[in-house]
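In: Sharing a model prediction with you, sequence too.
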Amino acid sequence: MILIDIGNTTIHFAVEKNSKLVKQFRVPTRTVNAAKIKKIIGSLPAEEIVICSVVPKITSLFRNLKTLKKIAVVGKDINVPIRSLYNKSQIGQDRLLGTFAAKKLFPEVRLVIDFGTAITFDFISGKGNYLGGFIFPGINLLFSSLTACALLPKLIKIYPWRKVKIPKNTPDSINKGIMEGIPLMINAWITEYQSWITKNGSLKQKNIIVTGGQAKPVLKKLNFPYTYEPDLILKGMIFLMLG
């Protein structure tokens, strides 16, 4: 199968063979058009395409693709088999698929943190139900939001953990604020919700699953046990199609 995770920032392509991921690559979402999609899909060997998307316009490009390959879209052609207590008209299929995959891989999971264009916290009950969660801006969104300030640079390079206690220039100040601020906020939230996640016990590594294309810059600053699973959505599609 060809597995496609369409996000607001990147499109994650993968090829599955015998339930394993044998090839992966990412393409910036803003660079994609019908011709580019046709070229990419034509270069991949599988005959079946599975798509999880949060960008309807890009989904339509795949749907309109003249190809002999069979296309299945999560949430449209195939449903995620997880009970959700969230507003059904507002839930993103990526959040449902991520929690479904996490529960299949790690039965003790209670929280999935996904570092994408947005950072999402998704809570799972002991019975495996999707309970809902939080949404706040991701790393790139926070950097781009500062371009609205007239005296700040329009382009700042992201570089994590420069050893500067009190920055003396604007790029360092912005990086310090965002790249240390995000994990500090997440660590505080985990402290706030720890008793719920563990039912008054100690946190275990498999209680919290971290995923997403923008996770790596902050992983070393997270001060709680977690399991990093970068291919959670792709593995969720494999579970959906192959069981």
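Out: Nice, I can see it.

In: where does the chain dip in pLDDT?
Out: For the chain, applying pLDDT under 70 flags the ranges 66-68, 160-162.

In: quick one: contacts for the residue nearest to the spatial centre of the chain?
Out: When CA atoms, centre = their mean is applied to the chain, the residue found nearest the centroid is Gly212 (3.5 Å). Shown in contact with Gly212 (CB atoms under 8 Å, 6 or more residues apart in numbering): 113-116, 119, 230. For glycine as for every other residue, the C-beta is placed from the backbone atoms N, C-alpha and C.

In: Pipe those residues into JSON lines and attach secondary structure, distance to Ile2 and neighbour count per row.
Out: Listed next are the contacts of Gly212 as JSON lines, based on DSSP: H, G, I helix; E, B strand; the rest coil; distance: CB to CB, whole Å; neighbours: other CB atoms under 10 Å:
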{"residue": "Ile113", "secondary structure": "strand", "distance to Ile2": "27", "neighbour count": "24"}
{"residue": "Asp114", "secondary structure": "strand", "distance to Ile2": "22", "neighbour count": "29"}
{"residue": "Phe115", "secondary structure": "strand", "distance to Ile2": "24", "neighbour count": "22"}
{"residue": "Gly116", "secondary structure": "coil", "distance to Ile2": "21", "neighbour count": "24"}
{"residue": "Ile119", "secondary structure": "strand", "distance to Ile2": "28", "neighbour count": "23"}
{"residue": "Pro230", "secondary structure": "coil", "distance to Ile2": "18", "neighbour count": "16"}
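
In: Of those, which pair is most distant in space?
Out: Greatest spacing in the contacts of Gly212, by CB to CB: Ile119 and Pro230 (15.0 Å).

In: circling back to that earlier point, the residue nearest to the centre of the chain - nearest residue in space that isn't next to it in sequence?
Out: Phe115 (3.5 Å; CB to CB, 6 or more residues apart in numbering).

In: now do Val80
Out: Per CB to CB, 6+ apart, closest to Val80 is Leu96, 4.3 Å.

In: In three-state terms, how would the one you found be classified?
Out: helix (DSSP: H, G, I helix; E, B strand; the rest coil).

In: what about it, distance to Lys216?
Out: 24 Å (CB to CB, to the nearest Å).

In: who has more neighbours, the two?
Out: Counted by other CB atoms under 10 Å, Leu96 and Lys216 do not tie: Leu96 has more neighbours, with 23 against 13.
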